[in-house]
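Enquirer: I would like the atomic coordinates for the input below:
(one chain, ligands or ions: 1)
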Amino acid sequence: PLPASAFAPLPFGARHSPFPAPPPPPGLRPPPCTFSSLLSSPSDASSPSDAAADGSSSSSAPPSAPPSSISVNPLVASVKMSKTVEVFGLVQSMKAAGERVTSLCVGEPDFPPPQAVLDAAVAAVRGGETRYTAVAGTSALRSAIAADLLERKGTRYDAASEVLVSSGAKQSVFQAVLALCGPGDEVLIPAPYWPSYPEMVRLAGATPVVVNTTLEKGFLLTPELLEPHLTERTKCLIFCNPSNPSGAVHPEPLMRRLAALLELHPRVAVVSDEIYERLNYNPANPHVSFAALPGMFDRTITVNGFSKAYAMTGMRLGYACGPARLIKPCATIQSQLTSCASAVSQAAGVAALEEVREQEMEANVEVMRGKRDYVCGRLAGIEGVRSYVPDGAFYVLPDVSAWFGGDDAGLCLELLRSKRLALVPGESFGAKGCVRISYATSMEELEEAMDKLEEFLEENRP
Ligand code: PMP
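Expert: Got it, this is the predicted structure:
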């Protein structure tokens, strides 16, 4: 059965909130649990917009819809609702009540897309590029992606058969999981993980198997941690590098050791989510594509996109690359799901890859590095917080388990209530006792947030 929380009126968590959402207009019943509210992943702390979208869609429910006895797909019922929902519910209702909330929850860059990207999008609209494209994407974009990966990552993909453009990396990961996995299969997910992975695996009818990593070892996956979880049922490893939520970047020698282990298990595929690869702050630890490792090309579906590197989150553009044998079933799924990515966004994607100068990309990375250094410096100054300096993405996941008896969700709720500061509880990422801080925001907001966090932790010191 569905958890009772699945039927909570939206916005999520509002029922438990001391700042309740405004009452529905007269005549409107509380919105029912909608299909979209179940299917979206409000636990996906990177996409607070998901929760907001649910709230708005459900309020248009017909006023007199009869109570229904229709059961939902048990696969969907198995998808977890997270306590993070409560934090988002609170943020939404506080904002609705006119409160100012500092949020370090977002998973999108705070810089705008490059001008060349915006210009290309406008030109595409004006030039009538508003129709369906081929399912796999325009040949211009596929060729640009193949050329970019060959140049920067050393992986050679055939643009015609080995590149599949989608409406975002999220779709690409899900299609890869659906294409590879089904009932009876086990999927290895290193923790801390992006919350969508286990839920996608469950929706495919397969079983997520969590492989824990530790803060002491930089949240890195090692062959020693992975090996005990490899069984004859293991179908796939979902590898997120750089990692959301830890920001960890796996060094090449370690990745080579992981590849050597997987070579002993030829039936195990790898979905390598590399969406954060352009956000890397340590030149001594450059990002390496999993598919570029010896023997790994044939088993790897590489996922990437334009949301993080080019701040094109709302343009919904991503892609998967891999051997044609693995990409083809992904394309089949996509052909029945979304057909193709937005033609306008695809034109913008070509401009991103072909016109944006390296210097512009590096300038953004430089700014982000400054923010990482600031946040990590502040965390290091708070006694009792266990932290580290991540090499990539724009997140850090400090361990604050000394507070609130390790109840990170409770800590986040109290932090939000008392300081109006929103962080995401580590438990959403399989990292109990931690909190995730996204530093992709203005320096001004970061300073304010870190002041609030420090104050809060001092006031609540156990
Ligand atoms: N993978 C990871 C690890 C992410 O953090 C995100 C975005 N939060 C995505 C995939 C999805 O990106 P997109 O916007 O391209 O769907």
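Enquirer: give me the distance between whichever strand or helix holds E454 and the centre of its chain.
Expert: With elements taken from DSSP states H and E, the one containing E454 is helix 443-459. The offset between the C-alpha centroid of helix 443-459 and the centroid of the whole chain comes to 25 Å, using C-alpha atoms, centre = their mean, to the nearest Å.
Enquirer: mind listing what's buried in it?
Expert: For helix 443-459, a neighbour-count test (16 or more other C-beta atoms under 10 Å) marks L446, E448, A449, M450, K452, L453, F456, L457 as buried. In this view, the C-beta of every residue, glycine as well, is placed from N, C-alpha and C.
Enquirer: wait, the fourth one sits on R378?
Expert: Yes: applying C-beta atoms under 8 Å, one finds M450 in contact with R378, separated by 4.2 Å.
Enquirer: can you list the residues of the stretch 351-462 of the chain near the ligand?
Expert: Within reach of the ligand by C-beta under 6 Å from any ligand atom, the stretch 351-462 of the chain has no residues at all.
Enquirer: now do the stretch 201-350 of the chain
Expert: Listed as neighbours of the ligand in the stretch 201-350 of the chain under the rule C-beta under 6 Å from any ligand atom: C240, N244, D273, I275, G305, S307, T313, G318.
Enquirer: from those residues, list just the buried residues.
Expert: For these, a neighbour count by 16+ other C-beta under 10 Å gives the buried set as C240, N244, D273, I275, G305, S307, T313, G318.
Enquirer: tell me the contacts of the third one?
Expert: Contacts for D273 (C-beta atoms under 8 Å, 6 or more residues apart in numbering) come out as A169, V173, W194, I238, F239, C240, N241, V303.
Enquirer: count of residues packed around the fourth one?
Expert: Other residues lying near I238 total 27 when counted by other C-beta atoms under 10 Å.
Enquirer: quick one, helices of the stretch 1-150 of the chain?
Expert: Listed in chain order, the helices of the stretch 1-150 of the chain (DSSP state H, counting those that start in this stretch) span 35-39, 48-58, 74-77, 84-96, 115-126, 139-153.
Enquirer: show me the two of the residues of the stretch 201-350 of the chain next to the ligand that sit farthest apart.
Expert: When C-beta to C-beta is used, the two most widely separated members of these are C240 and T313, lying 17.3 Å apart.
Enquirer: okay, D50: pLDDT?
Expert: The model reports D50 with a pLDDT of 37.
Enquirer: give the residue spans of this protein that score low on pLDDT.
Expert: Counting by pLDDT under 70, the chain contains low-confidence ranges at 1-67, 81-85.
Enquirer: domains for it, by residue range?
Expert: Residue ranges of the domains in the chain are recorded as 4-89, 115-355, 359-459, according to automatic domain parsing.
Enquirer: got those as a markdown table, with distance to E108 columns?
Expert: Putting the domains of the chain into a markdown table (distance: least, C-beta to C-beta, whole Å) gives the following:
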| stretch | distance to E108 |
| --- | --- |
| domain 4-89 | 8 |
| domain 115-355 | 4 |
| domain 359-459 | 6 |
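Enquirer: helix or strand: which one has C236?
Expert: Since the elements are taken from DSSP H and E, C236 ends up inside strand 234-240.
Enquirer: helices or strands up against that strand?
Expert: With contacts defined as 3 or more C-beta pairs under 8 Å, 6 or more residues apart in numbering; DSSP states H and E, the secondary structure elements packing on strand 234-240 are helix 169-180, strand 186-191, helix 196-203, strand 269-273.
Enquirer: now do the helix or strand that the shortest one is followed by: which elements does it pack against?
Expert: Just to be clear, that refers to strand 269-273. Read in the C-terminal direction, the helix or strand following strand 269-273 is strand 300-305, with elements assigned using DSSP H and E. With contacts defined as 3+ C-beta pairs under 8 Å, 6+ apart, the packing partners of strand 300-305 are helix 169-180, strand 269-273, strand 318-321, helix 324-337.
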